[in-house]
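Q: one predicted model, sequence on top.
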Amino acid sequence: MTGQLYGLLAEFPTADALIDAVSRVRGQPFAGRVEAYSPFAIDGLAESLGGRADRIAPAMLLGALVGGLGTYALEWYSAVHDYPLNVGGRPLASWPAFLPPALEITLLGAALAGVIAMLLGNGLPRLHHPLFAVEAFERASSDRFFLLLRPEGASFDAAAARSFLQSLAPLSVAEVPA
């Protein structure tokens with residue numbers, strides 16, 4: 001095959017065969033990044049794939065802090081420095097009046113940061129994925145189970161990965177062009 005290799009895709013007939021293949025491929029030196037695709041949720045598949053660190057919660061915290069503190073600072077600056085008004089002898093920096101808008105923007109900032117982090121983490125928006133070039137992958141949403149080995153670093157050996165995938169007795173093994 002000429003060109004860049006996105007990964008090797010193995011097709012399995014059952015969910016049990018996919019879970020067995022994932023558990024056997026984990027820890028192999030040539031495995032690279034392991035991904036699994038199935039038409040429905042499979043108990044234990046996420047654990048056997050090995051979870052990645054959650055990046056959404058820290059992004060939401062950052063969005064909340066930036067939104068809340070930024071709103072409070074904007075209100076404070078406008079009321080104390082930019083346009084000070086002495087209304088009824090109250091202090092210029094009347095923090096209880098600044099809290100409701102700051103709270104609202106805190107929640108909005110957290111929600112927006114969470115949505116953006118989720119979209120970026122999922123690689124969206126993406127109109128075309130390299131897996132769509134493999135004709136057999138069309139059955140991933142109906143009745144087939146797929147295991148993808150993606151190159152990660154210089155340690156990925158495509159020939160060793162292909163022979164190992166063949167030893168798992170899949171229905172087929174296909175190269176996914178980048």
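A: It's in.
Q: every contact and neighbour count from this point should use C-alpha atoms.
A: Will do.
Q: mind checking the longest strand of the chain?
A: Criterion DSSP state E: the longest strand present in the chain is strand 5-12.
Q: ok, then the element right after that strand?
A: helix 15-25 (DSSP states H and E).
Q: which SSE is immediately downstream of that following helix?
A: Once the chain leaves helix 15-25, the next helix or strand it forms, by DSSP H and E, is strand 33-37.
Q: now the strands for the chain?
A: Using DSSP E, strands in the chain cover 5-12, 33-37, 145-150, 172-177.
Q: contacting residues around the first one?
A: Right, the one you point to is strand 5-12. Contact with strand 5-12 is made by 18, 130, 136, 144-151, 158, 161-162, 165, 170-178, as judged by C-alpha atoms under 8 Å, 6 or more residues apart in numbering.
Q: for it, which strands pair with it and how are they oriented?
A: Sheet partners assigned to strand 5-12 using DSSP bridges are listed as strand 145-150 (antiparallel), strand 172-177 (antiparallel).
Q: just the angle between it and helix 15-25, please?
A: Orientation check (axes from the mean of the first three to the mean of the last three C-alpha atoms, to 10 degrees): strand 5-12 against helix 15-25 gives 130 degrees.
Q: now find how far off-centre strand 5-12 is within its chain.
A: Its chain's C-alpha centre lies 20 Å from the corresponding centre of strand 5-12 when counted by C-alpha atoms, centre = their mean, to the nearest Å.
Q: pLDDT weak spots in this protein?
A: The chain contains residues with pLDDT under 70 at 1-3.
Q: which stretches of it form helices?
A: Using DSSP state H, the helices of the chain run over 15-25, 45-49, 56-77, 95-121, 158-167.
Q: circling back: just the strands paired with strand 5-12: most buried one?
A: Burial of the strands paired with strand 5-12 is given as mean neighbour count (mean count of other C-alpha atoms under 10 Å); strand 145-150 ranks first at a mean of 25.
Q: which positions in stretch 126-145 come out as buried?
A: Using 16 or more other C-alpha atoms under 10 Å as the test for burial, stretch 126-145 gives 131, 136-137, 140, 144-145.
Q: would you list those residues in JSON lines and tack on distance to residue 48?
A: Listed next are the buried residues of stretch 126-145 as JSON lines, based on distance: C-alpha to C-alpha, whole Å:
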{"residue": "131", "distance to residue 48": "22"}
{"residue": "136", "distance to residue 48": "24"}
{"residue": "137", "distance to residue 48": "22"}
{"residue": "140", "distance to residue 48": "19"}
{"residue": "144", "distance to residue 48": "19"}
{"residue": "145", "distance to residue 48": "15"}
